[in-house]
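Asks: how does the following fold in three dimensions:
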Amino acid sequence: MKKKENVLYEINNLIDQIKRSQSSDGSWRLCFESGPMTDAYFLMILRILKHDDEELIKKLYNRLINTQQTNGAWKLFNDEEGNLSATIEAYTALLYSGHARSTDENMKKAERFVIAHGGIENAHPSTKFMLALHNLYPWPKYFPFSLFLLKMPAFFPIHFNKFSSYIRVHFAPVLILGHKKFTIQNDWTPDISKLFVTSKTGQQKRKNSLISRLQFFASKIFSNQRLLKKAEGYMLGCIEEDGTLYSYASATFYLVYALLALGYQPNSPFIFQAIEGLKLMLFHKGEDCHLQNSPSTIWDTAWLSYALQKSGVSIEDSAVSDAAKYLKGAQQLQKKEGSPLHILGGWGFSESNSCNPDIDDSQAALRAITQFSWHDLEYQKAWKTGVNWLLSMQNDDGGWGAFEKNQYRTWIGLFPIENLKDTAIDPSTPDLTGRTLEFLGKYVGMTDLHPQIQAGVKWLLDHQEENGSWFGRWGVCYLYGTWAAVTGLRAVGIDTDHPSIQRAIQWLKNAQQSDGGWGESCKSDRDRTFVPLPFSTISQTSWALDALISTSNIPSVEIDKGIDYLTKSISIPLEAYTYPTGAGLPGHFYAYYHSYNYIWPLLTLSHYKERYL
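Replies: Numbering: from 1, shown residues only. Model (predicted):
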């Protein structure tokens with residue numbers, strides 16, 4: 001009886017908190033928090049453009065100062081000593097701010113950390129690229145990417161359009177900047193020479209690679225000026241109404257520098273609007289603020305609305321109906337020039353995203369409006385259009401990727417660039433495939449008798465790890481992927497006694513912590529092996545429990561222990577709530593979704609209540 005009371009109390013408590021945090025337009029605007037990169041780069045751009053918003057600069061400075069660790073480093077997640085690239089970026093930005101000096105004790109600590117870990121020479125390529133733009137790191141004599149990517153024949157294995165949409169929108173400005181070896185500096189540009197271990201001016205040696213030979217060949221054939229115009233046109237065509245590039249802060253930074261490289265003035269409308277668009281992405285909290293790389297408004301609104309419905313909140317409740325209205329208005333129904341999509345009807349991640357729908361946000365939004373489609377013709381039309389889009393995006397291998405169909409290439413290894421393979425292709429993943437199957441099974445009524453479902457199931461079964469888990473691409477990590485795969489397989493009719501399900505159940509049970517919860521380190525996606533945390537987290541415990549609940553008609557000992565953990569929120573440490581469990585770029589970008597402490601426990605507790613109470 002006590003357990004039932006605790007579950008019901010926590011459900012009602014979460015419902016109340018979710019409702020109170022809703023915006024007047026029906027959306028939820030909770031923070032999509034990541035490391036210092038976006039704050040650091042934005043601060044640097046503001047100084048380079050001489051954008052004298054001192055209040056904003058001080059808030060960005062405060063955020064960087066407040067996230068520095070006692071050893072002088074900046075981290076991307078709690079259980080790492082520090083992150084070299086993040087520390088270099090934050091250190092440089094603090095000097096740009098004018099509020100810090102290299103003689104400050106905290107800056108000396110940062111210097112010591114950087115030197116101890118190999119200096120700028122060991123930084124991530126994207127960090128070196130940004131420093132090169134500011135004349136703080138030498139451009140390589142031969143930039144690894146060339147404008148020729150824009151002009152190679154479509155049948156050629158290396159072609160601009162054969163990269164993922166995420167890479168294309170970043171590459172267009174990068175190709176311009178790399179071609180021109182653009183640099184910009186002014187009186188705010190600091191001296192960061194203390195962060196180098198070896199040479200401060202040496203150029204990188206040319207590699208006699210296939211890529212460099214292709215660059216040489218292409219440069220003899222194609223007009224660089226025409227290719228620059230082509231890159232510029234692609235870039236300008238991807239600017240959203242708010243001025244950002246595809247709703248990514250990271251891409252928008254590159255946009256600003258590329259426009260400057262092309263001769264645009266700092267006060268030009270495109271640059272002005274880009275800065276204003278970035279300001280709209282800021283999440284303010286007290287005396288500091290954080291620039292979200294891409295606000296998660298659509299994602300959060302869809303899942304929070306769905307979680308409320310699963311907990312028993314009626315669709316007539318204004319919190320749910322207002323969210324549905326907001327989501328219906330965010331469906332992408334107009335084709336934008338250059339878009340590779342043939343069928344429209346998906347949803348994007350951010351509110352300003354108008355031309356880059358993705359699988360995960362679309363299935364989430366469809367869940368949230370499903371009940372409305374039963375009673376309202378407009379919602380029914382939106383729902384059917386969305387489902388058709390979702391089905392049309394299945395890859396030929398049977399799985400689902402993130403943004404585009406069949407966007408996976410084996411030649412990506414030709415580019416010896418760190419993390420490129422993690423972003424340049426958009427392959428099927430267990431988390432997206434599993435979650436799409438779960439939606440199609442639960443709300444479209446499709447089973448493993450349907451050919452598309454059969455293909456999805458086969459893909460999942462073929463990609464299970466030997467230990468019974470699945471890798472999650474967009475969450476941390478094996479707990480995330482296993483949860484999505486198990487619940488997806490169960491929803492389309494795969495029995496609990498199926499060997500793959502049984503192996504997954506055993507793996508989840510073995511991964512349970514002594515406190516009853518589950519916790520997995522961000523190191524897992526970098527190392528490609530399960531790395532447990534020394535503590536449990538709210539979201540990962542919810543995922544593991546939800547998977548186990550979907551496979552058991554009665555609550556097991558493991559389920560009961562997990563529920564006890566979730567319903568004792570008073571005794572749960574802060575790090576269980578704030579540890580980043582969203583993944584973007586292995587080893588380099590992780591996200592703490594502030595919404596996850598509401599969505600996943602509410603869904604899991606509601607499923608527990610529905611099944612056992």
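Asks: rest of the way, CA atoms for contacts and neighbours
Replies: Will do.
Asks: neighbours of Asp515, how many?
Replies: Residues lying near Asp515 (other CA atoms under 10 Å) number 13.
Asks: give me every residue that touches it.
Replies: 536, 561, 565 (CA atoms under 8 Å, 6 or more residues apart in numbering).
Asks: my guess is the last one meets Gln513, correct?
Replies: No: here Tyr565 lies out of contact with Gln513, judged by CA atoms under 8 Å, at a distance of 10.3 Å.
Asks: who are the packing partners of the helix or strand where Leu432 lies?
Replies: Leu432 belongs to helix 430-443 when elements are defined using DSSP states H and E. If you count contacts as 3 or more CA pairs under 8 Å, 6 or more residues apart in numbering; DSSP states H and E, helix 430-443 packs onto helix 359-373, helix 451-462, helix 478-491.
Asks: next, the angle helix 430-443 makes with the longest one.
Replies: Between helix 359-373 and helix 430-443, the angle comes out at 10 degrees (axes from the mean of the first three to the mean of the last three CA atoms, to 10 degrees).
Asks: what's downstream of helix 359-373, the next helix or strand?
Replies: The helix or strand immediately downstream of helix 359-373 is helix 377-392, counting by DSSP H and E.
Asks: report the angle between the axes of that next one and helix 451-462?
Replies: Going by the same axes, to 10 degrees, helix 377-392 makes 50 degrees with helix 451-462.
Asks: what residues are up against Gly562?
Replies: 516-517, 541, 545.
Asks: tabulate these (a markdown table), appending distance to Asp396 and neighbour count.
Replies: Below are these laid out as a markdown table (distance: CA to CA, whole Å; neighbours: other CA atoms under 10 Å):
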| residue | distance to Asp396 | neighbour count |
| --- | --- | --- |
| Gly516 | 40 | 18 |
| Gly517 | 37 | 27 |
| Thr541 | 33 | 27 |
| Leu545 | 32 | 30 |
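Asks: make a markdown table out of those and add secondary structure, distance to Pro138 and pLDDT.
Replies: Formatted as a markdown table, these follow (DSSP: H, G, I helix; E, B strand; the rest coil; distance: CA to CA, whole Å; pLDDT from 0 to 100):
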| residue | secondary structure | distance to Pro138 | pLDDT |
| --- | --- | --- | --- |
| Gly516 | coil | 51 | 96 |
| Gly517 | coil | 48 | 97 |
| Thr541 | helix | 46 | 98 |
| Leu545 | helix | 50 | 99 |
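Asks: and the two most separated of those residues?
Replies: Greatest spacing in the contacts of Gly562, by CA to CA: Gly516 and Leu545 (10.2 Å).
Asks: what touches both of the two?
Replies: 562-563.
Asks: ok, now how distant is Phe349 from Ser34?
Replies: 16 Å (CA to CA, to the nearest Å).
Asks: looking at the chain, which helix or strand does the model trust least?
Replies: helix 210-219 (a mean of 51; mean pLDDT, DSSP states H and E).
Asks: after that one comes which helix or strand?
Replies: helix 224-237.
Asks: only the buried residues of that following helix, if you could.
Replies: Residues of helix 224-237 classed as buried by neighbour count (16 or more other CA atoms under 10 Å): 224, 227-228, 230-232, 234-237.
Asks: do the same with stretch 235-248
Replies: Buried, per 16+ other CA under 10 Å, within stretch 235-248: 235-240, 242-248.
Asks: what about Leu150, distance to His159?
Replies: Distance from Leu150 to His159, by CA to CA: 7 Å.
Asks: could you count how many residues lie near Gln17?
Replies: Using other CA under 10 Å: Gln17 sits among 11 other residues.
Asks: quick one: which helix or strand includes it?
Replies: For Gln17, the host element (DSSP H and E) is helix 2-20.
Asks: which neighbouring elements make contact with that helix?
Replies: Helix 2-20 packs on helix 596-612, going by 3+ CA pairs under 8 Å, 6+ apart.
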